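Student: Sequence first, then the predicted structure, then my questions.
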Amino acid sequence: MSCATQDLIIQKGKTFSKVLRWESLPFLYKPITAITKAAPAVITSAVHGIPDGWRVVIVSVQGMTEINALNTPPRDSDYHKATLVDANTINLNDVNSAEFTAYTSGGYIQLRTPVDLAGFTARMQIRASLTATAFLLELVSPTDIVLDNVAKTITITIAAAVTAAITWKTGVYDLELVSAGGVVTQLLSGTVTVVEEATR
């Protein structure tokens, strides 16, 4: 997976928390056997193995064609966040299928492969510029960055006491994941902006 770019905003005196999910190729396809006409749409797919909150698209459904992705390959606008109901069911909280045509057959839940986080560590540094010698803030796993291999999440947290003490206004960062074998992958990068709080 290529490095994604995402700018971060830290509010002084507030806890900063960001949850990331590391997606990779190949695409996975989970066969669909039922979709409700309801809000939200509830999709049945036996032993789907999809983590809660994972991005998915729906393709090749017959009958309820309104739920299918509009583009092949899918674009960001085609994705929905899956809410885990149980081992055989997810719902799409942002999809109201109550007025859709009834589901008749077929279709797949399509998703990128969740990366196995076993053995990985994470590190992130914020600097005034990419060439700056000293860092403004450093975050590491497992204290500041938590890797959950069951939920397939990477959670970055900066405590409120830490953000309250920040004196700088802007910076740049990157987030790196390091495998047990020492392979370093840059997962995310961008700018950081620190804003003042009104309630303190």
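Tutor: Yes, it's here. Predicted model only: the values in this text are computed from it and were never measured. Numbering: from 1, shown residues only.

Student: Just the buried residues of the longest strand along the chain, please?
Tutor: Scanning the chain for the longest strand, with DSSP state E as the assignment, gives strand 184-195. In terms of neighbour count (16 or more other C-beta atoms under 10 Å), strand 184-195 has its buried residues at 187-189, 192, 194. No exception for glycine: its C-beta is placed from N, CA and C like everyone else's.

Student: ditto for stretch 171-181
Tutor: By neighbour count on 16+ other C-beta under 10 Å, the buried set for stretch 171-181 is 171-177.

Student: Of those, which belong to strands?
Tutor: 171-177.

Student: mind giving me the domain split of the chain?
Tutor: What the record gives for the chain is the domain set 4-22+116-195, 23-114, from automatic domain parsing.

Student: so how far is the first residue of the first one from its last?
Tutor: Right, the one you point to is domain 4-22+116-195. Domain 4-22+116-195 has its terminal residues 23 Å apart, counting by C-alpha to C-alpha, to the nearest Å.

Student: what is the mean pLDDT for it?
Tutor: Confidence for domain 4-22+116-195, expressed as mean pLDDT, is 97.

Student: Pull the distance from it to the chain's centre.
Tutor: What separates the centre of domain 4-22+116-195 from the centre of its chain is 14 Å, taken as C-alpha atoms, centre = their mean, to the nearest Å.

Student: ok, Ile67 - how many residues close by?
Tutor: Neighbour count for Ile67, taken as other C-beta atoms under 10 Å: 22.

Student: Tell me how many other residues surround the closest residue to Ile156 other than its chain neighbours.
Tutor: Using C-beta to C-beta, 6 or more residues apart in numbering and skipping the chain neighbours, the partner closest in space to Ile156 is Lys18 (4.7 Å). By the criterion of other C-beta under 10 Å, Lys18 has 14 neighbours.
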